[in-house]
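> sequence first, predicted coordinates after that:
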Amino acid sequence: MKKYFTGLTDTGLVRSVNQDSYYIDDSQARFFIVADGMGGHAGGQEASRIATETIKSYLEDNWDTADSSEDLLQDALFQANYAIVKEQQLHPELGDMGTTVVVLIFRGDEPWCAHVGDSRLYRFRSAKLEQITEDHTWVARGLKAGHLKPEEARVHPLRHVLSQCLGREELDEIEVQPVQVQPGDRFLLCSDGLTEELSDPGITSILKSIRPNDQAAQKLVNEAKDKGGRDNITVILVTLDTASS
């Protein structure tokens, strides 16, 4: 299936520096990456940059190996984690830096995704939005356990506290999963600068009303800024052609 895609990042209205990073494999559309750094201006920028570049390089270098897509993604993210930890050791002033990441790859017969933190992957199909990834946050855990209601989770003061991120020596598991696709599916990778401002119904409304990816991505960013733009905002949209190529 042919893929149409676009990416967009914006500093937002409050932050002075964009700590998000993203990468699109433009030439072959094999993989897509969004990372959201943390740990101060310099640290956040560096962590997301290291993660994106390390994952990109690892996927490119090992794409045609016999490794399964699951193993390929896990190893790529573990390499990124190691690279960030190594940078922390070389530069103690960056010791608190870390990053979330979400990656979607199209390899073989079945796409796969991997993520750490609260950057998300959504699938938009038949005018319905489905969150594929599960946030690695303390609030998400409480929501899953039934200790919090959705309306409470959305405004909880600890909603930004991560239970996992890249840049931690104790990271010992990467969540990887296959992604079911069919012609016409649309995928959204994004940092929490989007989802903090826009609810799922708000995102759905935009994707339903705007088909071209570049226009939809710009509308998503603009709406997030109109609602406060308190964080950096990064989106990638990938649409699968309705006809097999």
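Right, received. Where do you want to start? Please read all numbers here as calculations on a predicted model, not as lab measurements.

> next secondary structure after the helix or strand bottoming out on mean pLDDT in the chain?
Using mean pLDDT, DSSP states H and E, the weakest-scoring helix or strand in the chain turns out to be helix 150-155, at a mean of 60. The helix or strand immediately downstream of helix 150-155 is strand 175-178, counting by DSSP states H and E.

> I'd assumed Thr54 was in a helix, is it?
Yes. Thr54: assigned to a helix according to DSSP: H, G, I helix; E, B strand; the rest coil.

> can you give me the buried ones in the one helix or strand Gln88 maps to?
Assessed by DSSP H and E, Gln88 sits inside helix 69-90. Within helix 69-90, the residues that count as buried by 16 or more other CB atoms under 10 Å are 69, 72-81, 83-85, 87-88. In this view, the C-beta of every residue, glycine as well, is placed from N, C-alpha and C.

> just to check, Ala35 is in contact with Ala51?
Yes. The criterion here is CB atoms under 8 Å, and Ala35 meets it with Ala51 at 4.6 Å.

> now for those two: what residues contact both?
21, 99, 101, 166 (CB atoms under 8 Å, 6 or more residues apart in numbering).

> burial count for the last one?
What it means is Leu166. By other CB atoms under 10 Å, the residues close to Leu166 number 29.

> quick one on the thing from earlier: which residues touch the helix holding Gln88?
46-47, 50-51, 54-55, 58-59, 62-63, 65, 67, 94-95, 97-99, 101, 103, 105, 107-108, 110, 112-114, 116, 166-169, 171, 174, 176, 178.

> give me every residue that touches Asp200.
Here Asp200 is in contact with 129, 131 (criterion: CB under 8 Å, 6+ apart).

> quick one, grab the pLDDT at it.
The model reports Asp200 with a pLDDT of 95.

> what bridges to the residue nearest to the spatial centre of the chain?
Closest to where the C-alpha atoms of the chain average out (CA atoms, centre = their mean) is Val102, at 3.4 Å. Here Val102 sits in beta bridges with Val34, His115, as judged by DSSP bridges.

> on that earlier part again, now the shared contacts of Ala35 and Ala51 as CSV including distance to Asn213 and pLDDT?
Output for these, formatted as CSV (distance: CB to CB, whole Å; pLDDT from 0 to 100):
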residue, distance to Asn213, pLDDT
Ser21, 19, 98
Thr99, 25, 97
Val101, 21, 98
Leu166, 27, 97
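
> buried residues, whichever strand or helix holds Leu207. List them.
Secondary structure assignment for Leu207, by DSSP H and E: helix 200-209. Using 16+ other CB under 10 Å as the burial criterion, the residues of helix 200-209 that qualify are 202-204, 206-207.

> return the member of these nearest to Lys2.
Leu207 (19.0 Å; CB to CB).

> contacting residues for that closest one?
With CB under 8 Å, 6+ apart, Leu207 has these contacts: 124, 129, 186, 188, 216.

> contacts for stretch 162-169, please.
35, 38-39, 47, 51, 77, 80-81, 84-85, 88, 97-101, 116-118, 136-138, 140-141, 171.

> give me that answer again for 7 Å
By CB atoms under 7 Å, 6 or more residues apart in numbering, the list of residues contacting stretch 162-169 from outside reads 47, 51, 77, 80-81, 84-85, 88, 97-101, 116-118, 136-138, 141, 171.

> narrow those residues to just the buried residues.
Here, 16+ other CB under 10 Å leaves 47, 51, 77, 80-81, 84-85, 88, 97-101, 116-118, 136-138, 171 buried among the contacts of stretch 162-169.
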